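Using only what follows, build the 3D model:
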Amino acid sequence: MLRHSPSPDLVIIGAGVVGAACAYYAARAGLRVAVVDRGPVAGGTTGAGEGNLLVSDKEAGPELDLALLSARLWRELALELPQEIEYEAKGGLVVAAEDATVKALRGFADGQRAAGVDAVEVGPGELRELEPHLAPDLAGGFHYPQDAQVQPAQAAARLLAAALSASPGVEVHLGEEVTEVLFGPAGELRGVRTERRDLLAPAVLNAAGTWGGAVAALAGVGLPVLPRRGFVLVTEPLPRVVRHKVYAADYIADVASGSAALQSSAVVEGTPAGPVLIGATRERVGFDRSLSLEALRRLAAQAAALFPVLADVRVLRTYHGFRPYLPDHLPAIGPDPRVPGLFHACGHEGAGIGLAPGTGVLIASALTGAAPVLDPAPFAPARFAEAPG
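Sure thing, here's the model as predicted:
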């Protein structure tokens with residue numbers, strides 16, 4: 001028998017870091033919030049992420065503006081939330097093997113600086129001062145002090161716990177799949193149904209990550225979210241041989257690419273616990289969870305090319321997940337004009353952890369009618385209003 005929970009103001013579908021951040025900022029705005037997820041907290045893309053909080057890989061534009069807002073909010077959250085989120089302001093280092101690539105990075109950084117990014121060019125000798133174990137034949141690069149990292153699953157859990165503390169009207173329902181979006185007799189949105197209960201609310205937020213398109217379809221609208229599979233290698237614990245988040249310049253092009261083919265560009269970083277994380281691959285293969293030896297081989301070779309010291313280090317495990325990809329590389333954040341009361345916060349691809357706080361603030365503003373802290377128009381789901389359902 002279905003149970004009717006006390007009516008919240010908002011139901012959030014998805015307990016990843018984006019849904020958790022939206023719950024946190026909505027609760028702080030005084031809203032009663034119910035979060036529902038078919039699995040555990042951070043059971044999808046968030047739990048398979050590296051915890052990147054990057055501004056370095058984003059060109060000047062709306063996504064960078066959202067990343068800069070989120071970077072500031074993450075710094076604030078690191079002071080407010082328990083230390084378990086493992087916030088580390090390690091900074092990023094983008095390196096280039098050729099002078100022509102350094103020149104291209106210089107133009108990229110000029111646009112970023114105009115938007116408020118701190119980007120410092122470093123020559124070959126200075127690279128080795130920042131990262132002593134880097135390959136010796138690199139042409140130069142750029143240091144980004146604003147890049148940081150969190151432990152993503154812990155960050156999601158702590159944000160949800162903080163939401164519960166911020167408001168007695170917050171509830172979390174895990175292990176419950178939303179099977180239906182509910183509508184009233186006049187076609188008005190009324191909430192959602194799971195196998196255990198009806199959660200009635202005038203507003204529903206789709207924060208389902210890679211499954212955002214399927215949730216949108218439950219509400220009768222199309223949202224072209226596609227999964228992009230990515231792999232990560234985890235090495236044995238090491239002394240801190242990698243101090244920053246280090247990646248080759250071609251990673252920036254991979255992030256911006258719409259190709260479905262396998263793309264691989266090493267992103268290498270140490271962790272407080274000792275293991276080195278090595279990403280990142282991208283490919284559109286649906287929800288195929290099979291292991292790609294080619295992807296793993298590419299990552300290992302590229303990481304060893306950047307850091308020769310890693311060539312003989314043991315890889316203890318690998319993991320992979322699916323990034324929620326939208327065709328224009330911008331997330332969908334805000335109200336859906338096709339269904340009054342339906343909101344979206346999904347499609348962040350590989351940047352969801354970094355962009356989560358800014359997304360939460362934009363959603364809270366949209367729900368309460370408060371003035372947004374930045375222009376939400378580039379992220380408006382209305383741009384997909386003509387997308388086929």
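
which other residues reach stretch 291-304?
With C-beta atoms under 8 Å, 6 or more residues apart in numbering as the test, stretch 291-304 has contacts from 229, 231, 233, 248, 262, 264-266, 268, 276, 278-281, 283, 310-311, 315, 318, 320. C-beta coordinates here come from the backbone N, C-alpha and C atoms, glycine included.

Provide a ChimeraX selection command restricted to the buried entries of these.
The ChimeraX command for the buried members of the contacts of stretch 291-304 (criterion: 16 or more other C-beta atoms under 10 Å) is given here:
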select :229,231,233,248,262,264,265,266,268,276,278,279,280,281,283,310,315,318,320
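
now, which of the contacts of stretch 291-304 lie within strands?
Residues of the contacts of stretch 291-304 located in strands (DSSP state E): 229, 231, 233, 248, 264-266, 268, 276, 278-281, 315, 318, 320.

Which members of those residues define the maximum pairwise distance?
Pairwise distances across the ones in strands among the contacts of stretch 291-304 peak at 21.4 Å for 229 and 276 (criterion: C-beta to C-beta).

Can you list the low-confidence ranges for the stretch 101-250 of the chain?
By pLDDT under 70, the stretch 101-250 of the chain contains no weakly predicted segment.

residue boundaries of the helices in it?
124-130, 152-166, 212-218, 250-256 (DSSP state H, counting those that start in this stretch).

Contacts for the first one, please.
Just to be clear, that refers to helix 124-130. Contacts for helix 124-130 (C-beta under 8 Å, 6+ apart): 93, 95, 122, 134, 136, 138-141, 143, 243-244.

Farthest pair within these?
Farthest pair in the contacts of helix 124-130, by C-beta to C-beta: 139 and 243, 20.1 Å.

Now residue 261: closest residue in space, sequence neighbours ignored.
residue 283 (6.4 Å; C-beta to C-beta, 6 or more residues apart in numbering).

re earlier: so which of the contacts of helix 124-130 is the most crowded?
Tallying neighbours with other C-beta atoms under 10 Å puts residue 141 at the head of those, with 29 neighbours.

Distance of the residue nearest to residue 121 when sequence neighbours are not counted relative to residue 122?
Of all residues not flanking residue 121 in the chain, residue 142 sits nearest, at 5.6 Å (C-beta to C-beta, 6+ apart). Residue 142 sits at a distance of 7 Å from residue 122 (criterion: C-beta to C-beta, to the nearest Å).

ok, residue 241 - contacts?
By C-beta under 8 Å, 6+ apart, the contact set of residue 241 is 133, 270, 276, 307, 309-310.

Got phi/psi on it?
Residue 241 adopts backbone torsions of phi -80, psi -20, taken as degrees, to the nearest 10.

Then residue 123?
Main-chain torsions, residue 123, degrees, to the nearest 10: phi -80, psi 180.

my guess is it contacts residue 140, does it?
Yes - Residue 123 is in contact with residue 140 according to C-beta atoms under 8 Å; the separation is 5.2 Å.

want to throw the contacts of residue 241 into CSV with distance to residue 384?
Formatted as CSV, those follow (distance: C-beta to C-beta, whole Å):
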residue, distance to residue 384
133, 45
270, 39
276, 39
307, 41
309, 46
310, 42
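
Which two of the residues you listed have the greatest separation?
Spatial extent of the contacts of residue 241 (C-beta to C-beta) is set by the pair 270 and 309 at 11.6 Å.

which of the two has more neighbours?
Taking neighbours as other C-beta under 10 Å, residue 270 and residue 309 compare with residue 270 leading, 23 against 16.
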